[in-house]
Every structure is written in structure tokens, then in C-alpha cells.
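Colleague: need coordinates for the following:
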Amino acid sequence: MGEIVVVHGANRLAFSDELSVAELRKQLEDRTGVPAAAQKLIMRGKRLTDDETVVKLGSKVMLLGSTAESRKESEALARIRKVERRVAELDVAREELSATLHEISRGFLNKEKTANVLDTLEKKLKSCEEGLCQCLESLDSIPAESDNVRIHRKAAVVDCQARLRACDHLRDDISLAREDPTDELESRRGTTHR
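Modeller: Next up is the predicted model:
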């Protein structure tokens, strides 16, 4: 009964004096980093307003709100997730191109149609590669102000680079298919990353 207890996430903060709501907000800003304007204070199921005069000793208050740093981190992680989704979409497109190339290598098309399909595959592959490079640029523009963001951004960059290497292998396979659409590509298939 001798203190005001404020719960903020997993943290419990104690105050030994009765405080006005405005004073409590100021002290909470100093101790938690949550700006006073972004704080939501809940006591007995009701939101406290600055009009209320005093929070009495023995009161339990819940603080909802986040620091500017945690909001920045959340925004950065959301941007990383968006780029990761785009990288996955581009990889699905690359997989489809690889499957089409595999079908060509089975020799069901005449040489003229094969050349046209290979031209189309190269154009689509170039589009995938450009998209992946844009993803790398997007990741590079995300500030890594926390370890968590830095770790997630690094993992996304490594994944994107792996997908670009897979595009390089597919480009090599397309070049081989131009030379000999069936024999060389099929013999190389066992060592190529798809």
C-alpha cells in the first residue's frame, strides 16, 4: 500500500509518492523512454487523463506505449519482411523458369521454337535479377540501429545473394541450352543448383 506500481511490459516500476497524472507521465518518460504524448495509462480498467489530479499510493497502473527506438526497430523489421517476401516471389519466378528450361532440354521443341523460348527465358531471368538487385538496394537503405535489425538485415542480404547466384547458374544453363538443347544441359543438371 506504500507505493504506486506501474507495469510496463515485463517491467514493474515503483513510485513512493502520490503524483498527479502529468507528474507520473514525466517520471515515466524519464525512466522508460516512452514519450509522455505516446503513453496510455490504465488504472482499474479506465484510461487516465491529465485532468485527474492525483494517483494515490497503493494504486496499480498499466503503461502502454513504446519508445521511439522500438518503433524505429519495428518499422525497420517490417521493411525487411517486405523485402524478404519480394525475394521469395522472385525466387518462385526463377524456379518456374528453371522448370521451363528443363522441359526444353527434354527436346520436344524444334530449334526455332527453342531459340524463341530461350530468348523469353533470358528476358524473364533478367527481370528476376534486376528485382533481386533492387531488393539488395532496399536492404542497404534500412538503418541497422539495433542488433536485432542488423541480424535480420544480414540474413536477408545473404538469402538474396544466394538467389542471385541461383540466377547465375540458370543463366549458364540457358547458355548451354543454346549450344545444345538436350545433351549438355541434361548431363550438367546433376551439378547445377536449381
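
Colleague: am I right that Ala14 sits in a strand?
Modeller: Yes. Applying DSSP: H, G, I helix; E, B strand; the rest coil, one finds Ala14 inside a strand.

Colleague: how many neighbouring residues does it have?
Modeller: Neighbours of Ala14 under the rule other CB atoms under 10 Å: 9. For every residue, glycine as well, the C-beta is placed using N, CA and C.

Colleague: quick one: contacts for the closest residue to it other than its chain neighbours?
Modeller: Spatial nearest neighbour of Ala14, chain neighbours left out: Glu3 (4.6 Å); criterion: CB to CB, 6 or more residues apart in numbering. Applying CB atoms under 8 Å, 6 or more residues apart in numbering, we find Glu3 in contact with Ala14, Phe15, Ser16, Leu57, Gly58.

Colleague: output these as TSV; include the columns pLDDT and distance to His169.
Modeller: Output for the contacts of Glu3, formatted as TSV (pLDDT from 0 to 100; distance: CB to CB, whole Å):
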residue	pLDDT	distance to His169
Ala14	93	61
Phe15	91	63
Ser16	90	67
Leu57	89	70
Gly58	89	69
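
Colleague: make a ChimeraX selection of the buried ones in these.
Modeller: Buried residues among these (16 or more other CB atoms under 10 Å), as a ChimeraX selection:
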select :15
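
Colleague: return the helix or strand in the protein with minimum mean pLDDT.
Modeller: Least confident helix or strand, the chain: helix 183-188 with a mean of 50, by mean pLDDT, DSSP states H and E.
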